[in-house]
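> with the sequence up front, the predicted model follows.
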Amino acid sequence: MPSGEQTMSEADARALARRLFDAGLAAADPAAGVARALAGYARPRGRLALVAVGKAALRMADAALAAVGPASALVVTNDGNAGDLPGATVLAAGHPVPDDRGLEAGRRALALAGSLGPEDALLALISGGGSALLPAPVPGISLADKQAVNRLLLACGAPIGTVNLIRQSLSRLKGGGLARAAAPAPVTSLILSDVIGDDLRAVASGPTVAPLGDAAAARAEMQAHGIWDAAPASVRAWLSVAPPAPPAPAADNRLIGSNALSVAAMAAAAPGARAPALPLTGDVADAAARIVAEGGRGVTLWGGETTVVLRGRGRGGRNQELALRVACAAAAAGWPPGWAFLSGGTDGRDGPTDAAGGLVDAGTLARIRAAGVDPAAALVDNDSHRALAAAGDLLMTGDTGTNVADLQVLVRP
């Protein structure tokens with residue numbers, strides 16, 4: 001809690017946790033980042049094309065067009081963030097599983113980039129979610145094949161870098177494919193990172209940067225995560241013989257927002273708060289144990305992206321399950337009342353639900369049980385959404401128009 005504050009009610013702790021989360025969201029405002037990055041941008045002699053993809057695509061494109069003027073603009077985002085934008089074609093596509101709309105969007109993006117010449121330029125606006133939103137399968141692999149692989153990846157608990165390595169290896173657009181299509185036109189790419197550590201090759205699977213690895217590496221990761229044999233035969237065949245991708249042309253790739261910057265903004269809003277150096281990653285059960293171990297008195301802040309291995313048939317997401325696990329772990333550790341813990345996705349969507357995450361306290365488990373739900377059974381069934389809804393502890397933000405992974409706040413008296 002802020003310096004000088006000695007006691008705090010549970011309601012106050014919850015309010016502080018939410019206020020700090022909102023400060024992290026504000027720091028990830030994509031419009032402000034784009035405006036800063038494009039100050040002094042020089043238009044090409046020829047045509048300017050703009051391709052924006054991801055959950056922040058609409059807000060990024062709006063700011064970019066205001067900064068650089070008219071362009072041949074294509075914006076691809078998820079349903080919750082789609083809307084009208086004068087001067088641009090806005091397409092909604094499936095997320096987290098790609099769909100036919102995304103397939104058409106991928107065709108359009110490659111066609112627009114491929115229409116450019118040396119006097120033209122491409123301005124790419126990249127944010128998290130772009131991997132699923134712009135499928136462009138390599139020859140011999142169908143959209144249904146890519147959907148099957150995507151479902152396997154979402155369920156196996158693989159980290160985002162591994163997920164995007166495999167996606168890149170099956171795509172004509174990812175791993176520098178958009179930049180290759182635009183050559184010889186110069187490419188400027190503004191990137192809002194949802195990847196911990198900000199490896200730009202992994203954000204939206206890196207359409208304007210070099211790939212994370214080759215087909216052999218992708219095959220090895222699928223085998224290591226136990227999904228190789230379940231993958232479609234066409235995918236296994238391609239990854240067994242695929243040639244190396246040609247080098248991606250040099251692009252001016254600029255980071256305009258990230259998880260680390262949002263954690264820093266939360267810390268600035270809570271003098272005296274602690275922010276452990278290591279991001280919060282790995283399995284949610286391990287992450288919950290770490291939170292309880294590291295979370296002393298006052299305010300502790302984390303950023304990161306955990307993983308969940310799906311074993312049950314319930315609904316939820318990594319943030320909801322993490323919040324519920326922290327509630328259970330805090331009770332087991334004997335924490336006295338007065339604390340609150342928030343875990344939320346900065347895009348406003350946690351898993352296949354309408355919640356951004358969870359905001360729990362010492363009374364959460366009792367409220368869940370009073371509603372007739374067993375918290376432990378809910379965790380076994382990956383049914384954190386139902387449990388937190390029963391307690392009134394879902395974190396609801398709606399689609400935020402940004403995406404820099406997840407933020408966590410613990411407040412303890």
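Alright, I've got the coordinates. Residues are numbered from 1 along each chain as shown.
> got the CA coordinates for stretch 363-370 in PDB?
Provided in PDB are the C-alpha atoms of stretch 363-370 (Å, rounded to 0.1, in the frame of the first residue of the first chain):
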ATOM      1  CA  GLY A 363     -14.000 -13.800   1.500                       C
ATOM      2  CA  THR A 364     -13.900 -15.100  -2.000                       C
ATOM      3  CA  LEU A 365     -13.900 -18.900  -1.100                       C
ATOM      4  CA  ALA A 366     -16.700 -18.500   1.300                       C
ATOM      5  CA  ARG A 367     -18.800 -16.600  -1.300                       C
ATOM      6  CA  ILE A 368     -18.100 -19.300  -3.800                       C
ATOM      7  CA  ARG A 369     -19.200 -22.100  -1.400                       C
ATOM      8  CA  ALA A 370     -22.300 -20.200  -0.300                       C
END
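> that's a strand at Gly272, yeah?
No. Assessed with DSSP: H, G, I helix; E, B strand; the rest coil, Gly272 is coil; it does not lie in a strand.
> for it, grab the count of nearby residues.
Number of residues near Gly272 (other CB atoms under 10 Å) recorded here: 12. Every C-beta, even on glycine, is put in place using the N, C-alpha and C of the backbone.
> that one contacts Gly298, doesn't it?
Yes. Between Gly272 and Gly298 a contact is recorded at 6.2 Å, counting by CB atoms under 8 Å.
> run through this structure and note the low-pLDDT ranges.
Applying pLDDT under 70 to the chain flags residues 1-7.
> which neighbouring elements make contact with the helix ranked longest in it?
Longest helix of the chain, by residue count under DSSP state H: helix 10-27. Where contact means 3 or more CB pairs under 8 Å, 6 or more residues apart in numbering; DSSP states H and E, helix 10-27 is packed against helix 259-268, strand 298-307, strand 340-345, strand 357-361, strand 406-412.
> give the pairing partners of the fourth one; include direction for each.
Take DSSP bridges as the rule and strand 357-361 pairs in its sheet with strand 340-345 (antiparallel), strand 394-395 (antiparallel).
> any idea which of the ones you listed is most buried?
Most buried of the strands paired with strand 357-361, by mean neighbour count (mean count of other CB atoms under 10 Å): strand 340-345, with a mean of 30.
> return the distance of that strand from the chain's centre.
Mean-position distance between strand 340-345 and its chain equals 16 Å (CA atoms, centre = their mean, to the nearest Å).
> contacts for it, please.
Strand 340-345 is contacted from outside by 10, 13-14, 16-18, 20-21, 291, 295, 317-320, 322-323, 326-327, 330, 350, 356-361, 395, 397, 403, 405-411, using CB atoms under 8 Å, 6 or more residues apart in numbering.
> tilt between that strand and strand 298-307?
Interaxial angle, strand 340-345 versus strand 298-307 (axes from the mean of the first three to the mean of the last three CA atoms, to 10 degrees): 40 degrees.
> need the CA coordinates for strand 340-345. PDB is fine.
The C-alpha coordinates for strand 340-345 follow below in PDB (Å, rounded to 0.1, in the frame of the first residue of the first chain):
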ATOM      1  CA  ALA A 340      -6.900  -8.300  -2.300                       C
ATOM      2  CA  PHE A 341      -5.400  -9.800  -5.400                       C
ATOM      3  CA  LEU A 342      -6.100  -8.900  -9.100                       C
ATOM      4  CA  SER A 343      -4.900 -10.700 -12.200                       C
ATOM      5  CA  GLY A 344      -6.100  -9.300 -15.500                       C
ATOM      6  CA  GLY A 345      -5.500  -9.500 -19.200                       C
END
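> right, and Ala327 touches Ala366 too?
No. With contact defined as CB under 8 Å, Ala327 does not reach Ala366; the gap is 10.1 Å.
> which one's more surrounded, those two?
Set Ala327 next to Ala366 and count neighbours by other CB under 10 Å: Ala327 wins out with 28 against 12.
> now the helices for the stretch 1-150 of the chain?
Taking DSSP state H, counting those that start in this stretch as the test, the helices found in the stretch 1-150 of the chain are 10-27, 30-37, 57-68, 100-114, 130-133, 143-156.
> okay, the angle between the second one and helix 259-268?
This means helix 30-37. Going by the same axes, to 10 degrees, helix 30-37 makes 110 degrees with helix 259-268.
> go on, the longest one?
Using the same axes, to 10 degrees, the interaxial angle of helix 10-27 with respect to helix 259-268 works out to 140 degrees.
> would you mark the buried spots in helix 10-27?
The neighbour-count check on helix 10-27 (16 or more other CB atoms under 10 Å) flags 10, 12-14, 16-18, 20-25, 27 as buried.
> with adjacent residues omitted, what lies nearest to Gly398?
Excluding the flanking residues, the one nearest Gly398 by CB to CB, 6 or more residues apart in numbering is Gly348, at 5.5 Å.
> what about that neighbour, distance to Leu239?
According to CB to CB, to the nearest Å, Gly348 stands 34 Å off from Leu239.
> just Ala331 next, same as before
45 Å.
> these two - which one has more neighbours?
More crowded of Ala331 and Leu239, by other CB under 10 Å: Leu239, with 23 against 15.
> my read: the more buried one touches Glu221, true?
No. Contact status for Leu239 versus Glu221: not in contact, 10.0 Å apart, counting by CB under 8 Å.
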